[in-house]
Each structure stands twice: as structure tokens, then as C-alpha cells.
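J.: Sequence and predicted structure, then a few things I'm wondering about:
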Amino acid sequence: MPDARVPNDDEVRWLTERAVAEIIPRDDFVRALKSGKSLRLKMGFDPSAPDLTIGHAVGLRKLRQLQDFGHRVVIIVGDWTAQIGDPSGQSKTRPMLTAEEVKANAETYLRQFFGIVDREMTEVRWQTEWFGEFGLSDVVRLAAQFTVAQMLERADFADRFASHKPVGVHELLYPMLQGYDSVAVQADVEFGGTDQKFNLMVGRELQHHFGQPPQIVYTVPLLVGTDGEVKMSKSLGNYVAVEDPPHEMYGKIMSIPDHLIADYFELLTDLPDAEVAEIRGSVDQHTANPRDAKMRLAREIVTQFHSLTAAADAEEQFVRTFSKRELPEDITEYRISFARTADKFQRPVFDVDGVKRVDSMSLAKVLAEVGLASSVSEARRLIKSGAVDIDGDVHTSDDFALIDGLVFRVGKHKFLKIMNADG
RNA sequence: GGCGGGAUGGCAGAGCGGUCAAUUGCACCGGGCUGUAAACUCGGCGCCCUGACGGGCUACGCAGGUUCGAAUCCUGCUCCCGCCA
């Protein structure tokens, strides 16, 4: 068993308090850190929703910090539990994934995962390794370790049960399977968000049953999404993906409500506790413009997931586009064949001083065509409400001329430069 | 196995024979004000045709039926929930 570096008191505090919700039992964890033994840090994921958000990053950053001390991460690909779907979400039935989809999803996940976690210090394991061998008797024996009452201790099950929403019997299996993973990989510590506490505790219980020392449960706070209301999640659309491009990441951070600023600093950056407290105070007491703290936060986060230059660039674009209301520097170009489009709408293409143009076009149809509106009806509404801007002028009629190099702006965020794809 | 209740737009939840593309709230989109914050305010929120007025199509679990006309009534089916066994 390789050794780990023993943290000093400050480091222990950092590892056990900053961005940590709960460590059960805490004393055991501190003792383990001080033992100098390299710990096996388990974390699992379902290969069903491959976009990692900065919400996931809270826990991953913790894993990374511990790796830097010489501890090893064991990441488990939940190819079996994915078939059940973690019941902690809504009771949506998940589509069964094919083996190929699972593999592709897992790869996508791991690529993002290793953007934060050190690959060299990580062991990747698939549930198939042990559940592939499982027979019905194994399942029965596993299930026999628990009672229905125990399972109903889980808040989610209890709530659904109480409010007469269906709870599938197979869903009760989810925590047990996840718990068994801990037995299979002999985990010393398991990581998860606070919503995982129940599942992680099940692992403890099972390990005990199988004669292993029970794992330490390490939970991190759930990051609230950009809406400031609920847990960040992809399905709710209130997320920032770790792979979001710099300017998008920057913009999304700028859109979070003020009361989240300090939390984000605390959970997603290494800014010292004292400074985080200072920011929290200044926001609460309105002693400084929260916008500035937020810009700093956005810069920090983009730097972390991209680079310092990307962050500076994103900030510049942000100020230009939103504070000054100018056009951003890099506008996505949309190449469209003028000849074909003109033909489709039965209009002639003119050539004025070498610039192609098609007159008397329906703006709504073109907006729908290039994807700036989801339908022609939607485009009509946008035009009528003054949301469409062409080359800097609000355009409220449907009639317009399609000209090579036009820049559309729809609402505040959507920009598109039209380029003629012919020739 | 028996009895009862229910399935409506992203969610919640009205509607119970025409005036329903469907009240309302939330969410969402756009305008204004801003710090792409909050609050506020105004407008929108199935698809298609139309400059507009207006028109057409598709929708209220699924399949049939009654009716001039159905989200609303009837029959069968599927699924969910509760109580009892």
C-alpha cells in the first residue's frame, strides 16, 4: 500500500471543512488522513447524462485535493444502476441504454472527469465486473440485509410514498447495488452530494456485513443552479457545464443571483475563507457593488476550467456585448446558399458591387431557417415585439433584404452573421 | 381478487356537450428599467398561411361510438393511485 503525505492542521481543516457538507465519522477520517496510508476514494456515476456541470466539480475538486496528498480515486461506471436510474430525481422512467451508448457516455463522462481529477491516480471500474456474475440468489441475499422501513428512511422514497407517487420496487435496489460497489472495490471513503447520503450509508452497512471496515461517508454541498432556486442540474437547464466555452461560462456566472456569489466562491474556488467571508458580508450589507464580485468570480471560474487568457477574453467580450451593448467580437457565422434560398422563396439574387443580396424576403422565415427562432410563428412574435435587430437596427416588419454579411441579433444573447455559401 | 378514484399543454391544476388552442399559477421567451442580479412593468407562450383582418391543421392517455357539434357523454383497452383481501 503506497503512502500518502500527512496533512498539517491547516490542511486538515481545508480538506475536512471547506466545501464539505458532512463527514461520517469525521474523527475516523482525520485519523485516516494522519495515518499516512493511501486511501481508496470511491465515487460512482451513471453513464446516462454525460454533461458534467460545475456542480459536479465541487466534489471532484475535493477528490483532486486528496489525490494531491497521495490518495487514490476509484471511479465506478454504474452501467447496472444506470438501468434503474437514481430515484433521487423525478420519477421519470429512463430509457434503457444499449451497451454502445453506455460506453460512449462513459467515455464522455470520463473525459470531463479527468479535466479535474488526476488520471494517474485513478482506477476506473465497471459494475459489470461484479454484477455480471450476480445471480438471483445473490440479489435476494443482498436485499435480505434491509427492511422496507429502512429503505423508507430515505427522504425521497418517503416523500413519494407519502404523496402517493409511485415507488418502483426495483428502485429500492438502487441503494443496495451502489452500496455493494463499495464492498467490491473495498472503498475507504465514498464521495457524493448531500442527496447521496442515504446511498452512501447503505454502503457502510453492507461493508460491515461483508466483514470490511465501513467506508467513511463524505458529502459535499449541492451547488444551487444559476436560477438561484434549486440544485444545479442539466435537466432543469440551470447549469454551467464544465465544458461550456469561456464566454458562455462567463455569461452564465454573471447571471446568477447575488445571494449565490459567496457560495460559489466557497465551493468552486480556492479563495481563502477570510476573503469569502468578506465578499459574503459586502454582498449582504450592500457595501460594494455585487457586480464586481461576480465578475471576479466569473474570471476565477473560467480561468479554472479554461485559462487565464480565455477568462480575460471572455470578460472583455462580456463588457463589450452587455455593458456597452455592442456586438461581440466573434459572431458565429451561418453559411447559407443565397442561390438556393432565393430560389426557395422565388426571389432573384442581385449583385451590388460584388455583394450578393436577395430583396423582399420574409424575415420570419429566414430567422426560422437559420435557427434563430424555433418556428416561423415564433419568429413573427419576436419581430413584432422588437426583439430582432439587423446590423444594429431594430427591425419590426417582416420584409427585409438578405445581404451577404448581415448580422442578426435576436434578444440579448443570440447573434448570427449570415454568409453566402455560394462560390 | 373486490371496491373506489384518476389520466388535460414543461409542471401544478381548471374546464364536464357548442362562446376551448383550452381559466389560472409556476417555468419559459421578448420589450422597458438594470449589473445577462433581484424587484418591478408591459407583451408573448401548438404549427402553418396572411402586412393585417382573418383562415387552416393538429392537440386534452389509446381505440372506437353517440351527436349537427365532444377535453366534456357511452363502450373497450392501457397505465397510475387509494382502501380491503
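T.: Structure received. Residues are numbered from 1 along each chain as shown, chains lettered A, B, ... in the order given.
J.: which stretches of the stretch 51-200 of chain A have low pLDDT?
T.: Of all residues in the stretch 51-200 of chain A, those with pLDDT under 70 make up the ranges A:83-97, A:159-160, A:162-168.
J.: Show me where it has its strands.
T.: If DSSP state E, counting those that start in this stretch is used as the criterion, the strands of the stretch 51-200 of chain A fall at A:72-77, A:122-126, A:189-193.
J.: before we move on, what about the stretch 201-350 of chain A?
T.: Under DSSP E, counting those that start in this stretch, the stretch 201-350 of chain A gives strands at A:216-220, A:333-336, A:349-352.
J.: Closest residue of the stretch 151-300 of chain A to RNA strand B?
T.: In the stretch 151-300 of chain A, the residue that lies nearest RNA strand B is residue A:251 (1.8 Å; Cβ to the nearest atom of the strand). (C-beta placed from N, C-alpha, C; glycine too.)
J.: Excluding sequence neighbours, find me the nearest residue to that residue.
T.: Computed as Cβ to Cβ, 6 or more residues apart in numbering, the closest residue to residue A:251 that is not its neighbour in sequence is residue A:318, at 6.3 Å.
J.: Output the strands of the stretch 51-200 of chain A in CSV, with distance to RNA strand B and mean neighbour count appended to each entry.
T.: Listed next are the strands of the stretch 51-200 of chain A as CSV, based on distance: least, Cβ to the nearest atom of the strand, whole Å; neighbours: other Cβ atoms under 10 Å:
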stretch, distance to RNA strand B, mean neighbour count
strand A:72-77, 29, 23
strand A:122-126, 31, 16
strand A:189-193, 22, 24
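J.: Same list (the ones you listed) but as CSV, adding distance to residue A:111.
T.: As requested, those are exported to CSV (distance: least, Cβ to Cβ, whole Å):
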stretch, distance to residue A:111
strand A:72-77, 12
strand A:122-126, 12
strand A:189-193, 19
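J.: which phi and psi does residue A:360 have?
T.: phi 50, psi 50 (degrees, to the nearest 10).
J.: Hmm, residue A:347 and it touching each other?
T.: Yes. Residue A:360 sits in contact with residue A:347 when judged by Cβ atoms under 8 Å, with a separation of 6.1 Å.
J.: Neighbour count: those two, which is higher?
T.: Set side by side, residue A:360 and residue A:347 show unequal neighbour counts under other Cβ atoms under 10 Å, the larger going to residue A:347 at 18 against 11.
J.: Settle this for me: the more buried one is touching residue A:356, isn't it.
T.: No. If you go by Cβ under 8 Å, residue A:347 and residue A:356 don't touch, sitting 11.9 Å apart.
J.: Burial check on the residue lying closest to residue A:413 once chain neighbours are set aside, number of neighbours?
T.: The spatially closest residue to residue A:413, leaving aside those adjacent along the chain, is residue A:251, at 7.5 Å (Cβ to Cβ, 6+ apart). By the criterion of other Cβ under 10 Å, residue A:251 has 21 neighbours.
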